[in-house]
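> please find the sequence and the predicted model below.
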Amino acid sequence: MANTSTVARGAGSSPAPGHRRNKSGRAARPSGMPNWSIPYLLLVPGLLVIAGLLLYPMFQLAVMAFQKVGLAQIRGTRPAEWVGTENFQKILDNEIFWSALRNTVAFAAVAVSLTLIVGTAVGVLLNKLGKKMSLFVVIGCMFAWAVPPVAQGVIWRSLFDAESGIVNWALNLLPDWLAAPPAGQESWTGTPWLNDTIPLYIALTVCVVWAGFPFIAVSVLAGLKGIPAELYEAAKVDGSGAWHTFRKITLPMLKPVFAVLTVLSIIWDFKCFSQLYVLMNGPTNRDGFNLSMYAVAEAFKPPQKLGTGAAISVVLTIILLIITVVYVRQIVKQEEM
Amino acid sequence: MTPLARKRLGKVLLNAAGVLVFLYAVFPVYWMISTGFKENDQIFTTDFIPFPTHFTFDHFARVLTEGVANNSIWLYMRNSAIVALGTVLIGSAFALLSATAIARFRFKGRTTFLILLLVVQMLPAEGLLIPLYMMVKRVGLGDQLIGLIITQVALTLPFAVWMLRTFVAAVPKTLEEAAWIDGAGRMTTFWKVLFPLVAPGLVATSIFSFITAWNDLVFALYLMSGSEGYTMPVALQYFFGQKGVDWGAIMAGSTLMTVPVVIFFLLVQRRMVAGLTAGAVKG
C-alpha cells in the first residue's frame, strides 16, 4: 500500500522520490507540482531566514572585520573603507583583548567543570531518590533553570551586594580560619565583589553554575534511566562493588550524553553576556570584559567601531565553530537523521 | 549498625541531600520575590531577613504606576510581549514547514540542511548582532519592534526546526496515507491530519521561542535607541540608577519579567531537554 502515497518515503533502497508517484494520478495536485519539489518548497521560508539572516550576516561580519565602519558608514553617508588586517592588528596589540580572551577561557573552563560536577551529582541523586521526592527536587530545579538571564544577574548582584548581600553575611558567620575577612577589615561587610575581575568572575561562576546545573541534572537523570537494568544485575551477580559498577557501567553508558552536555555548556559559557552585563553594570570595567562584552563594547559604545567589534566577533566565532564541529560530529554519530 | 539501620540512615541522608538541592535551586528565586515585598529597612540591612515581616506592595505599585526611563512598565511589557509573540507566530509557521520537509521527505541536500541547522544554532548572537544591526538600520527598521522580531526569528528558527522535526516524525505516516486514499488533497491532509497531531509539539516549540525572545537583552539593547522601544530586560537596567540601586523596585520588576517565563518553562522543559541533547539522551 505504501506506493499509493505520493508522499515520498525514505526507505534506503528506494529510487528517487519522483519515480514513486502513483500513476493513477488521483493524489496529484491539480497544479501539477512535481513531487520532488515539495520538500524544497516547504524549506523555502526556513532557508531564506537561515541564508539571509544568519549565513549572510556571518559573511558580512567577516567582511566588516577588514573594514573601518564608524558612524558615517552606519548613517550611509560614506562607504565602508578597506583597512586590511588593521582591525585584527589593533585588537591583538590591545591588552584588553588578551585579558578578555583569558577571562572567557578561564571562566568557561571553571564554570563548565563545576556545572557538570554539580549537575551530575544532582542527576545521580535524583535517580536514587523516591518518585515523589525526585519530582519535588526536579520542580525546584526548574525554577533556577527558568529564570531569565537578566533576572539571574539581578538576583546574584543583590546576593553579592557589598552591604546588604547575603554572601558577605554568610562569610561573616564562618570561623576566621575558614574565611578570614579581607586584609584590613573587621568583617566581610562592605567587601565589594563586583568591582575587580576575579571576585566578579567568582560571582558570575556562582550565578551560571546555579542556573546551569538543572539542565545537566535532568539530562543525566534521563541518561541513567536509559541504562538497561540487566547490566546492573549482571554486575551484581559478578560481585562488582558500587564504585566499580559506576566506573565500568554508568560512566561508559553516559559518555555520549556527557560529550554533548560538555560541548553545549562550553558554547553557552563562552557566549555568556546578559548575566555579566548586569553583574558588572554594563560595559564599564574593561578589565572584566569577556570576548562577547568586548566585541559589543567596541562596536556600540561611542565612538562606534563596528569593524573592530566585528574582528573580535570573528575570533569568538572561529573558536565556537571549532567546538561546534565536535558537537555536530557527536550528534551525527548517534542520531539517525 | 545493622544492615537495616544502615539502609534507613542512607535513605534519610539521601532525602536530606534532596532537600538541600531543592533549597539551593529555589532560594535565589525566593529571595527575588520576597525582596520585592520587603520594606526598605529590611532590604538595606546587613542582617539576614528570611521573611518580610512587614509585607508591602509599595515596590510593585511603584514599578507598575511610575515606570522607569520615562515610560510606564506596561509599555515595556507590551513591547516584550509583541516581540515574543511576533517571533512565535512567524518562527513557528516557518519551523513547521521546514520540519515537515525534513521529517516527511527524503531529498537531496537533506543531511546538509540538518547539519546546517546544528551549526547555525551555535553562532554567537553577539557576533550576529553587528551585521544585523547594520542590515536593520539600512532597511530603515532600526528602533522598530519588527526589526527586533526579525532578528529573534532568525535566532530561534534553527532550534525550533530541530525540535519540531521529532514531533512531525512521531505522527504515523499511515494516518496521512489513509487520508490520501480517502481522496483528501495535500492541503487538507496537512491541516486536518498532520497539524492537529503536531499541535502539542508546536506549542512546546513556540514556548521555547517565546522564552528566547522574551529573555533577549543584547539585541533589544542596541537595536532600540529610544526608550519607547525598550523591552523588559533593557528597561530593568534603568533601575540601577546613579543614586544607588533601588532593590525593592528592581526585584519587583524582575519578578514581573520572570513569572511568565517560569510558567511557560514548567510546561515545556521535558521537550527542551530532548531537543537539546538530540538523541544522546534516550529518556
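Looks like it arrived, so ask away. Every value quoted in this text rests on a predicted model; they were computed, and no experiment measured them. Numbering: from 1, shown residues only, chains lettered A, B, ... in the order given.
> which ones are touching the nearest residue to residue B:238 once chain neighbours are set aside?
Distances taken as CB to CB, 6 or more residues apart in numbering or on different chains place residue B:69 nearest to residue B:238, at 4.2 Å, with adjacent residues excluded. Every residue, glycine included, has its C-beta placed from N, CA and C. Listed by CB atoms under 8 Å, 6 or more residues apart in numbering or on different chains, the contact set of residue B:69 reads B:227, B:230, B:235, B:238.
> counting neighbours, what do you get for the last one?
Number of residues near residue B:238 (other CB atoms under 10 Å in any protein chain shown) recorded here: 17.
> wouldn't it be in contact with residue B:68 here?
Yes - contact criterion CB atoms under 8 Å: residue B:238 and residue B:68 qualify, at 4.7 Å.
> what's the single longest helix in the chain?
Because you didn't say which chain, this covers chain A. Ranked by residue count and defined by DSSP state H, the top helix of chain A is helix A:95-128.
> other chain: chain B
helix B:3-36.
> list of residues touching the helix or strand that it is followed by?
Scanning forward in sequence from helix B:3-36 by DSSP states H and E, the next helix or strand is helix B:40-43. Residues outside helix B:40-43 that contact it (CB under 8 Å, 6+ apart): A:164, B:35, B:49, B:52, B:53, B:54, B:247, B:248.
> is it true that residue B:146 touches residue B:82?
No - counting by CB under 8 Å, residue B:146 does not reach residue B:82; the two are 9.1 Å apart.
> what about these two, which has more around it?
With neighbours defined as other CB under 10 Å, residue B:146 and residue B:82 compare such that residue B:82 has more, 16 against 11.
> test my guess that that one contacts residue B:145.
Yes - look at residue B:82 against residue B:145 with CB under 8 Å: they come within range, at 5.4 Å.
> low-confidence regions, chain B specifically.
In the predicted model, chain B carries pLDDT under 70 at residues B:242, B:270-283.
> can you list the domains in it?
By the assignment in automatic domain parsing, chain B contains the domains B:20-56, B:70-277.
> any chance of those domains in CSV, plus distance to residue A:319?
What follows is these, written out as CSV (distance: least, CB to CB, whole Å):
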stretch, distance to residue A:319
domain B:20-56, 30
domain B:70-277, 9
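> inside helices: which ones of the contacts of helix B:40-43?
Using DSSP H, the contacts of helix B:40-43 in helices are B:35, B:247, B:248.
> could I get the contacts of helix B:40-43 as a markdown table with distance to residue A:313?
Shown next, in a markdown table, are these (distance: CB to CB, whole Å):
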| residue | distance to residue A:313 |
| --- | --- |
| A:164 | 37 |
| B:35 | 36 |
| B:49 | 44 |
| B:52 | 44 |
| B:53 | 49 |
| B:54 | 49 |
| B:247 | 34 |
| B:248 | 38 |
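> report the buried members of those residues.
Buried members of those, counted by 16 or more other CB atoms under 10 Å in any protein chain shown: A:164, B:35, B:49, B:52, B:247, B:248.
> out of these, which two sit at the greatest distance?
Farthest pair in the buried ones among the contacts of helix B:40-43 (CB to CB) is A:164 and B:52. Separation: 13.9 Å.
> now residue B:240: phi and psi?
phi -80, psi 80 (degrees, to the nearest 10).
> how near is it to chain A?
Separation of residue B:240 from chain A (CB to the nearest CB, to the nearest Å): 6 Å.
> how near is that residue to residue B:255?
Applying CB to CB, to the nearest Å, the value for residue B:240 to residue B:255 is 16 Å.
> and the host helix or strand of residue B:256 with helix B:3-36, angle?
Per DSSP H and E, residue B:256 falls inside helix B:247-277. Going by axes from the mean of the first three to the mean of the last three CA atoms, to 10 degrees, helix B:247-277 is angled at 130 degrees with respect to helix B:3-36.
> picking up where we left off before, could I get the contacts of residue B:69 as TSV with secondary structure?
Output for these, formatted as TSV (DSSP: H, G, I helix; E, B strand; the rest coil):
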residue	secondary structure
B:227	helix
B:230	coil
B:235	helix
B:238	coil
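> return the member of the residues you listed nearest to residue A:140.
Nearest to residue A:140 among the contacts of residue B:69, with distances taken as CB to CB, is residue B:235, at 28.9 Å.
> burial measure for the closest one, as a count.
25.
> so does the longest helix of chain B get close to chain A?
Yes - judged by CB under 8 Å from any CB of the partner chain, helix B:3-36 and chain A are in contact via B:14-15, B:17-18, B:21-26, B:28-29, B:31-32, B:35.
> what helices or strands is that helix leaning on?
For helix B:3-36, the packing partners by 3 or more CB pairs under 8 Å, 6 or more residues apart in numbering or on different chains; DSSP states H and E come out as helix A:95-128, helix A:131-146, helix A:149-159, helix A:197-225, helix B:247-277.
> 10 Å instead, please
Using 3 or more CB pairs under 10 Å, 6 or more residues apart in numbering or on different chains; DSSP states H and E, the elements in contact with helix B:3-36 are helix A:95-128, helix A:131-146, helix A:149-159, helix A:166-173, helix A:197-225, helix B:40-43, helix B:58-66, helix B:247-277.
> may I see the buried residues of it?
B:15, B:17-18, B:21-22, B:24-29, B:31-32, B:34-36.
> for residue B:232, see how far away the residue nearest to residue B:238 is.
Distance from residue B:69 to residue B:232, by CB to CB: 12 Å.
> now do the shared contacts for these two.
Listed as contacting both residue B:69 and residue B:232 by CB atoms under 10 Å, 6 or more residues apart in numbering or on different chains are residue B:76.
> count of residues packed around the closest residue to chain B within the stretch 101-250 of chain A?
Minimum separation of the stretch 101-250 of chain A from chain B (CB to the nearest CB) falls at residue A:222, amounting to 2.9 Å. Number of residues near residue A:222 (other CB under 10 Å) recorded here: 21.
> could you do residue A:331 as well?
22.
> and what of residue A:61?
Residue A:61 has 26 neighbours, counted by other CB under 10 Å.
> for residue A:64, list the residues it contacts.
Going by CB under 10 Å, 6+ apart, residue A:64 touches A:57, A:73, A:80, A:87, A:299, A:306-311, A:313-314, B:130-131, B:134.
> likewise for residue A:102?
Neighbouring residues of residue A:102 by CB under 10 Å, 6+ apart: A:197, A:290.
> and the gap between it and residue A:201?
Going from residue A:102 to residue A:201 by CB to CB gives 10 Å.
> mind listing the shared neighbours of the two?
Contact with both residue A:102 and residue A:201 is made by residues residue A:290, according to CB under 10 Å, 6+ apart.
> mutual contacts of residue B:82 and residue B:145, please.
Contact criterion CB under 10 Å, 6+ apart; residues bridging residue B:82 and residue B:145 by contacting each: residue B:231.
> name the nearest residue to residue 147, sequence neighbours excluded.
In the absence of a named chain, this looks at chain A. Using CB to CB, 6+ apart, the closest residue to residue A:147 is residue B:258 (5.6 Å).
> I was after chain B.
Once chain neighbours are set aside, the closest to residue B:147 by CB to CB, 6+ apart is residue B:141, at 3.4 Å.
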